[in-house]
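>>> Here is a sequence with its predicted model. Questions after.
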Amino acid sequence: MSVSFYDFANLHHAEFKDKVKKRINDIIDNNAFVEGEYNTKFEKEFAQMQKSNHCLLVANGTDALEIALNVYEVGPGDKVGVPGITFYATAEAVLNVGAEPVWIDVQEEDGLLCPTSLKRVHEKHNLKAVMPVHIYGLPAPMDEINQYCEAQGIKVVEDAAQAQGTFYKKDSPVGDSKNLITFSFYPTKNLSAFGDAGCILTHDEELAKKVIVNRNHGRGDEQNMGRNSRCDHMQAAVLYTKLEEIEKFNQQRKEVAKMYHRALEGTPLKALPEKFIELSSWHLYPTQLESVEIRENLMNHLREKGIGCTPFYERTLSQEPALSQYVGEDEIAKKFAGKTLCLPMTPFLTQDNIDTVVSEIKSFFAKN
Ligand SMILES: Cc1ncc(COP(=O)(O)O)c(C=O)c1O
């Protein structure tokens, strides 16, 4: 039995497709292609789901990060803290606004931004902003980060590209915060468009107004230049339709994570701490191996058996050739990167699927 990494067939089931097609046909008939009624409906309901006051749709998750930095007036001459383990786009956004990324180390047990490293890096580099990333769908330790940043006047942009439905703590979803929080709705995300889309959440009405001006060529404020980062109406219609099932599907991901946690006990794969079972959106199911070599060999074995898996992330950002001139702290990130193997994670995996994955893992270790 093969187990694939994504499952678009079950996600885009017949009833969902019928509903979306009807909505897209209406959009075509009404010639309302950009920023239509589904944009407004989605913004209202996603803000409610994440307990934020304002949701502003934009064209993609990288634009969302850049616009958030623009709104906080981060630009040339400024330094921005970025965790050593994240997708390239987090640092790319910093460079695109003309600022400089400074690496902040991660916590050994989960790969999330380390508040103690943040303090050391800020003392040395005087950061204007920091971008904690809720990587894999796990909540970064925001209580400690917020407390420190508030005292120091550091702006916080939370990169929640992978965290639709993640909770900081019980009853407090990512979004329930004073910061600017950005999401990507790229097709592989838990909540996803049929192309690119993203959004920014904020509690603050003034900041929300600035995002609205910035995403639409600076219209509405002569003093401000903006860009085009509007979200297409068709993408908003897809997102709004998917909102109906996101909480159910995130709950199913949790059940899958529980099954993995149980099944992996006693194997050499290190699963994430139990406290994340209820908090994470389980966008990915990352495990840690003892060495890069074992991770690589296990990955090849699983792929040969038809089991999808990915090594997110093989390198720290400082190890990316285009980013090697930037400095900061990332000693633990360097030990963490390369040893991570993400196993298949979709809302539709069954106990049989998990048993297949784990029995192939066990048969690999029986021979190696
Ligand atoms: C952590 C993180 N930040 C930013 C992005 C960028 O989002 P997008 O591809 O929608 O621009 C992604 C996308 O995968 C991501 O995973």
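Okay, I see it. Numbers count the residues shown, from 1 in each chain.

>>> Name the residues that touch whichever strand or helix holds residue 333?
For residue 333, the host element (DSSP states H and E) is helix 331-336. Contacts with helix 331-336, where a contact means C-beta atoms under 8 Å, 6 or more residues apart in numbering, come from 83-85, 103, 105-108, 111, 114, 288, 316, 318-319. All C-beta atoms are positioned from the backbone trio N, CA, C, and that covers glycine.

>>> are any of the residues you listed buried, and which?
Neighbour counting over the contacts of helix 331-336 (16 or more other C-beta atoms under 10 Å) leaves 83-85, 103, 105-107, 111, 114, 288, 316, 318-319 as the buried ones.

>>> How confident was the prediction at residue 221?
Residue 221 carries a pLDDT value of 87.

>>> which one is it nearest to, not counting chain neighbours?
residue 213 (4.6 Å; C-beta to C-beta, 6 or more residues apart in numbering).

>>> Can you give me the distance of the one you found to the ligand?
With distances taken as C-beta to the nearest ligand atom, to the nearest Å, residue 213 is found 21 Å from the ligand.

>>> returning to what we had before: for the helix holding residue 333, what does the pLDDT average out to?
97.

>>> Can you get me a residue count around the residue in the stretch 1-150 of the chain that the ligand sits nearest to?
Here the stretch 1-150 of the chain gets closest to the ligand at one residue, residue 61, 2.5 Å apart by C-beta to the nearest ligand atom. Counted with other C-beta atoms under 10 Å, residues neighbouring residue 61 total 27.

>>> likewise residue 140?
Neighbours around residue 140, by other C-beta under 10 Å: 29.

>>> Please list all residues in contact with it.
Residue 140 touches 112, 113, 132, 133, 134, 158, counting by C-beta under 8 Å, 6+ apart.

>>> And the closest residue to residue 337 other than its chain neighbours, what's its pLDDT?
Nearest residue to residue 337, sequence neighbours excluded (C-beta to C-beta, 6+ apart): residue 316, at 4.8 Å. Confidence at residue 316, expressed as pLDDT, is 98.

>>> Does residue 28 lie in a helix or a strand, and which?
Using DSSP H and E, residue 28 falls in helix 14-30.

>>> So what's the gap between that helix and the chain middle?
28 Å (C-alpha atoms, centre = their mean, to the nearest Å).

>>> buried residues in it?
Across helix 14-30, burial judged by 16+ other C-beta under 10 Å covers 16, 19, 20, 23, 24, 27.

>>> which outside residues touch the helix or strand immediately after that helix in the chain?
Sequence-wise, the next helix or strand downstream of helix 14-30 (DSSP H and E) is helix 37-49. For helix 37-49, the external contacting residues (C-beta under 8 Å, 6+ apart) are 23, 27, 53-57, 165, 173, 175, 191, 199, 201, 231, 233, 236-237, 239-240, 243, 246-247.

>>> quick one, helices of the protein?
8-11, 14-30, 37-49, 61-71, 89-96, 115-125, 142-152, 205-214, 233-264, 276-279, 292-304, 331-336, 351-367 (DSSP state H).

>>> Give the rounded mean pLDDT of the second one.
Right, helix 14-30. pLDDT averaged over helix 14-30 gives 98.

>>> Can I get that helix in CSV, CA atoms only?
What follows is helix 14-30, C-alpha atoms only, in CSV (Å, rounded to 0.1, in the frame of the first residue of the first chain):
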residue,chain,number,x,y,z
ALA,A,14,-17.4,16.0,-5.2
GLU,A,15,-19.7,18.1,-3.0
PHE,A,16,-17.0,20.7,-2.4
LYS,A,17,-16.2,20.9,-6.1
ASP,A,18,-19.8,21.4,-7.0
LYS,A,19,-20.1,24.2,-4.5
VAL,A,20,-16.9,25.9,-5.7
LYS,A,21,-17.8,25.6,-9.4
LYS,A,22,-21.2,27.2,-8.8
ARG,A,23,-19.5,30.1,-6.9
ILE,A,24,-16.9,30.5,-9.6
ASN,A,25,-19.6,30.5,-12.3
ASP,A,26,-21.5,33.3,-10.4
ILE,A,27,-18.2,35.3,-10.3
ILE,A,28,-17.8,34.9,-14.1
ASP,A,29,-21.4,35.9,-14.7
ASN,A,30,-21.2,38.9,-12.4
